[in-house]
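Engineer: Fold the following for me, if possible:
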Amino acid sequence: MMSGFDPAAITLILAGLADALIGDPWDWPHPVRVMGTAIAMYSQWSLQRFFSPRQQRFAGIVLGLVMVVGSGAIAGGLIYLSLQTARLLGMGLAVILLASCFAQRSLSDAARDVLQPLERGDLETARSHLARYVGRDTEKLDPADILRAVLETVSENATDGVMAPLFYALLGALISPVYSVAFAIAYKAASTLDSMVGYRELPYRYLGWFSARLEDTLTWLPCRLTVATVALQSGQPLQVWRLCLRDAAADPSPNAGWSECAYAAALQVQLGGVNRYGGVVKVKPYLGDASRKITPAAIAEALRLTRNSFWLWLILGVILLWLR
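Structural biologist: Residues are numbered from 1 along each chain as shown. Next up, the predicted model:
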């Protein structure tokens with residue numbers, strides 16, 4: 001039976017609206033920046049003191065567990081104490097912290113930051129702006145490569161930057177607003193760890209091993225649910241799923257390939273190909289069929305798919321919370 005006002009549901013709705021309307025202003029303090037500083041300091045300290053693979057793996061396990069569990073516990077504790085002090089203060093803080101986990105507006109702003117100069121014909125500025133968001137070399141990219149890089153970034157981050165944090169926020173909301181924030185922040189910590197130390201190359205090969213595996217595990221289910229949601233929106237769900245089964249496994253990441261392939265299939269474009277990182281050529285597997293060219297309109301459509309998926313999950317989650 002519907003229980004009426006549900007603090008967790010209201011908090012989620014307000015957080016979603018805050019992210020959509022405000023996003024993450026550059027000059028605001030952000031939990032990810034705090035996490036990033038802590039990860040960088042510990043990683044530097046560990047690499048200077050531990051030299052064997054075994055020692056670095058152990059240091060990496062400590063890093064992963066402390067960051068994920070600790071971040072969730074600190075965020076949840078702050079919300080709990082705030083709610084005990086003043087209910088509106090606690091809910092306001094919960095909204096701010098949850099909104100910081102949903103990168104929907106930030107993803108859209110990042111795409112626009114690159115596409116606007118590109119559409120003006122200012123290739124140098126587009127390359128320079130793209131370098132803020134991707135790890136590949138951008139100095140010599142042509143317009144087609146820039147568009148592909150933007151779409152790959154949008155489609156990969158749709159899962160780990162938008163849908164997976166929402167998934168864990170909804171999961172925690174089944175318990176209370178405190179756990180909603182704690183679970184979302186904990187996932188954000190895992191995602192930040194993966195982006196900073198989850199590499200197969202040195203110096204992070206051993207230190208980041210645990211963090212990479214942890215993020216892969218936590219992202220696996222929300223990634224597949226995102227693929228299914230995008231596939232349903234495409235109007236050709238079986239075709240999207242068929243292409244994902246055909247191509248996604250070729251990507252070394254168990255999740256990024258699926259997320260990117262789902263968008264490529266839904267938009268009928270092809271992602272992957274030759275990239276350069278620090279001058280080293282790396283060939284990513286091709287995902288999807290190149291039935292259409294990648295255009296700014298295709299990127300706008302990808303952002304629309306993510307936006308629709310986000311609000312679909314959020315609305316369904318809120319309905320479930322109210323029906324408990």
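Engineer: From Thr153, how far out is Thr159?
Structural biologist: 12 Å (C-beta to C-beta, to the nearest Å). No exception for glycine: its C-beta is placed from N, CA and C like everyone else's.
Engineer: can you check Tyr133 too?
Structural biologist: Distance, Tyr133 to Thr153, using C-beta to C-beta: 6 Å.
Engineer: same deal with Ser100?
Structural biologist: Computed as C-beta to C-beta, the Ser100 to Thr153 distance reads 19 Å.
Engineer: what about Tyr133 and Thr153, which has more around it?
Structural biologist: Thr153 (22 against 18; other C-beta atoms under 10 Å).
Engineer: Let me see the mean pLDDT of the helix or strand that one falls within.
Structural biologist: In this structure, Thr153 is located in helix 143-157 according to DSSP states H and E. The average pLDDT for helix 143-157 rounds to 96.
Engineer: downstream neighbour of that helix in the secondary structure list?
Structural biologist: Later in the chain than helix 143-157, the nearest helix or strand by DSSP H and E is helix 164-173.
Engineer: joint contacts of Tyr133 and Thr153?
Structural biologist: Counting by C-beta atoms under 8 Å, 6 or more residues apart in numbering, the residues touching both Tyr133 and Thr153 are Ala110.
Engineer: Do a quick rundown of the helices in the stretch 101-250 of the chain.
Structural biologist: Assigned by DSSP state H, counting those that start in this stretch, the helices in the stretch 101-250 of the chain fall at 104-119, 123-130, 143-157, 164-173, 177-197, 209-234, 237-247.
Engineer: Centre of the chain to the third one, how far?
Structural biologist: Yep, that's helix 143-157 we're talking about. Distance, stretch centre to chain centre, for helix 143-157: 15 Å (C-alpha atoms, centre = their mean, to the nearest Å).
Engineer: buried stuff in that helix?
Structural biologist: 145-157 (16 or more other C-beta atoms under 10 Å).
Engineer: I'd guessed Tyr42 sits against Gly60; true?
Structural biologist: No: with contacts counted by C-beta atoms under 8 Å, Tyr42 stays clear of Gly60, the gap being 9.8 Å.
Engineer: Counting neighbours around each, name which of those two comes out higher.
Structural biologist: Gly60 (28 against 18).
Engineer: Give me the buried positions along the one helix or strand that one maps to.
Structural biologist: Assigned by DSSP H and E, Gly60 belongs to helix 53-85. Residues of helix 53-85 classed as buried: 56-60, 63-64, 67-68, 71-72, 74-76, 78-80, 82-83 (neighbour count, 16+ other C-beta under 10 Å).
Engineer: Could you dump the buried residues of helix 143-157 into CSV and include distance to Leu93?
Structural biologist: Formatted as CSV, these follow (distance: C-beta to C-beta, whole Å):
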residue, distance to Leu93
Asp145, 42
Ile146, 39
Leu147, 39
Arg148, 40
Ala149, 36
Val150, 34
Leu151, 35
Glu152, 35
Thr153, 30
Val154, 30
Ser155, 32
Glu156, 30
Asn157, 25
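Engineer: where exactly do the strands run in the stretch 201-324 of the chain?
Structural biologist: 271-277, 280-287 (DSSP state E, counting those that start in this stretch).
Engineer: For the ones you listed, give me a markdown table that also has mean neighbour count.
Structural biologist: Compiled in a markdown table, these are given as follows (neighbours: other C-beta atoms under 10 Å):
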| stretch | mean neighbour count |
| --- | --- |
| strand 271-277 | 17 |
| strand 280-287 | 14 |
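Engineer: Spatially central residue for the chain, please.
Structural biologist: Note on the chain: the residue nearest the mean C-alpha position is Gly161, at 1.7 Å, using C-alpha atoms, centre = their mean.
Engineer: wait, doesn't it sit right on Leu107?
Structural biologist: Yes: taking contacts as C-beta under 8 Å, Gly161 lies within contact range of Leu107: 6.0 Å.
Engineer: where does Gly90 sit relative to Leu97, distance-wise?
Structural biologist: Per C-beta to C-beta, Gly90 is found 11 Å from Leu97.
Engineer: shared neighbours, these two?
Structural biologist: Residues touching both Gly90 and Leu97 (C-beta under 8 Å, 6+ apart) are Ile79.
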